[in-house]
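# Below are the sequence and a predicted model for it; my questions follow.
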Amino acid sequence: MRTVARCRAGEIEKRMMRVKLERELQGIRTVAIAGHVRPDGDCVGACIGLKHYIRDNFAQIEADLWLEQPDPKFSILEGFDGIREADGIAREYDLFIALDCASCERLGDAKLYFDHAKKTVCIDHHVSNPGYALVNEIDKDASSSCEVLCRMMEPEKISKETAAALYTGIAHDTGVFQYGCTSPDTMRMAAMLMEKGIPYTKLLEETFYKKTYRQNQILGKALLESMRILDGRGIVSVVRRKELTFFGVTPLDLDGIVSQLKMTEGVEVAIFLYETDNLEYKVSLRSRETVDVSEVASYFGGGGHVRAAGVTMKGTFHDIVNNLTLHIEHQLAEQEEE
């Protein structure tokens, strides 16, 4: 297994990364592209962007894109219609490329193609990624998997369609360039993609800012019924299955709630839960400056980034929150002692 975990890449490293993508595609006839379950903007952007790049520059390669059906808002990206859901039929690809996926289990049904592929590559930026593929390009300091992927491409070979997908992914994982993961390299890369002529304003409006009336309703409910915890340094909210049914929304409509909770004045950590089954919740964690939420999530079997992480937990709402806050309190206490 070849694993390259990089910090901020210099120009020489960037050239090496671009050459590596070209090398991994040499002699390949069939490629499977996939990302994590419940794909977000970074995952969708990376997958669509890579398929465009292969289509534009490697005409001999047949590439299939396998993902759980993403939020329809990403249909603004050309190539969205080419996304397929895994059908359970075993296929042997020359190459399987996993994007924005911290573990092979999170590939969902597409893991079948990963297991049968002749060769596997993982391109990611998650801190919790152990490097599970044959070849791994993991930059844990990058803003997004789209940023890692973009550095592996030759700029002059990036089409407008590829650029639009990559820009969308970077924008989503940086909160439109406001999160701490945004670096000068991120901004320079975004500028290069903008220069390809992409409709960046429309991309942001349609995929990031725009909310349906029902999405605003469930957001309002989550904010209205939120609770301050940890002496005001934390905030928590929950949406239960019966409420999803009542408002006519799905988990995809909950995107952005935890980030809005984090914006509350005085809050260091935001916790948002939604019920997925009896005594089972999907938990999203966000922090502002001091708490490493990836460490908290990893303890309970999840993962993510220092300031944004997630985990699925079993138990009552109160038990889950109590377990999480114990670990968060420990980190806050350590920070106060320093």
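Great, that's in hand. This structure is a prediction, so every number in the text was calculated from the model and none was measured.

# where in the chain is pLDDT low?
Within the chain, the ranges that satisfy pLDDT under 70 run 1-19, 338.

# now do 90
Within the chain, the stretches with pLDDT under 90 are 1-21, 127-128, 178-180, 303-306, 334-338.

# That one - how does it break down into domains?
Domain assignment for the chain, taken from automatic domain parsing, gives 2-209, 213-337.

# Now those in JSON lines, please, with extra columns for mean neighbour count.
Where you see a C-beta, it was placed from the backbone N, CA and C, and this is true even at glycine. Below are the domains of the chain laid out as JSON lines (neighbours: other CB atoms under 10 Å):
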{"stretch": "domain 2-209", "mean neighbour count": "19"}
{"stretch": "domain 213-337", "mean neighbour count": "17"}
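
# which residues in the stretch 151-300 of the chain form strands?
Using DSSP state E, counting those that start in this stretch, the strands of the stretch 151-300 of the chain run over residues 227-229, 234-239, 269-277, 280-287.

# Mind listing the strands the shortest one pairs with, and their directions?
Under the criterion DSSP bridges, strand 227-229 sits next to strand 234-239 (antiparallel) in its sheet.

# Identify all contacting residues around the partner strand.
218, 221-223, 225-229, 254, 257, 261-262, 264, 267-275, 281, 317, 321, 325, 328 (CB atoms under 8 Å, 6 or more residues apart in numbering).

# now the angle between strand 269-277 and it, please.
20 degrees (axes from the mean of the first three to the mean of the last three CA atoms, to 10 degrees).

# quick check, distance from strand 234-239 to the centre of its chain.
Put simply, strand 234-239 sits 21 Å off its chain's centre (CA atoms, centre = their mean, to the nearest Å).

# what does stretch 46-66 give?
Distance of stretch 46-66 from its chain centroid, counting by CA atoms, centre = their mean, is 20 Å.

# Quick one: end-to-end length of it, please.
Terminal residues of stretch 46-66 lie 12 Å apart, using CA to CA, to the nearest Å.

# again with stretch 204-219
Stretch 204-219: ends 19 Å apart by CA to CA.

# Can you give the distance of it from its chain's centre?
Relative to the chain's own centre, stretch 204-219 is displaced by 19 Å; criterion: CA atoms, centre = their mean.

# same question, stretch 153-168
18 Å.

# okay, it in CSV with CA atoms only?
Presented in CSV, the C-alpha positions along stretch 153-168 are these (Å, rounded to 0.1, in the frame of the first residue of the first chain):
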residue,chain,number,x,y,z
MET,A,153,-5.0,17.7,-12.1
GLU,A,154,-3.2,19.7,-14.8
PRO,A,155,-4.8,23.2,-14.7
GLU,A,156,-4.8,23.5,-18.5
LYS,A,157,-6.7,20.3,-18.7
ILE,A,158,-9.5,21.4,-16.4
SER,A,159,-12.7,22.2,-18.4
LYS,A,160,-15.4,24.6,-17.4
GLU,A,161,-17.6,21.7,-16.3
THR,A,162,-14.9,20.2,-14.2
ALA,A,163,-14.1,23.6,-12.6
ALA,A,164,-17.8,24.2,-11.7
ALA,A,165,-18.0,20.8,-9.8
LEU,A,166,-14.7,21.3,-8.0
TYR,A,167,-15.5,24.9,-7.0
THR,A,168,-18.9,23.8,-5.7
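
# Name the residues that touch it?
By CB under 8 Å, 6+ apart, the residues outside stretch 153-168 that reach it are 18, 21-22, 41, 44-46, 48-49, 52-53, 56-57, 74, 77-79, 146, 149-150, 190, 192-194, 196-200, 203, 207.

# Take these and keep only those in helices.
18, 21-22, 41, 44-46, 48-49, 52-53, 56-57, 146, 149-150, 190, 192-194, 200, 203 (DSSP state H).

# Now do F74 against D231, distance only.
Separation of F74 from D231 (CB to CB, to the nearest Å): 39 Å.

# Then S284?
For S284 relative to D231 (CB to CB), the value is 22 Å.

# where exactly do the strands run in the stretch 1-150 of the chain?
Counting by DSSP E, counting those that start in this stretch, one finds strands in the stretch 1-150 of the chain at the ranges 2-5, 30-35, 62-66, 83-84, 95-99, 120-124, 135-138.
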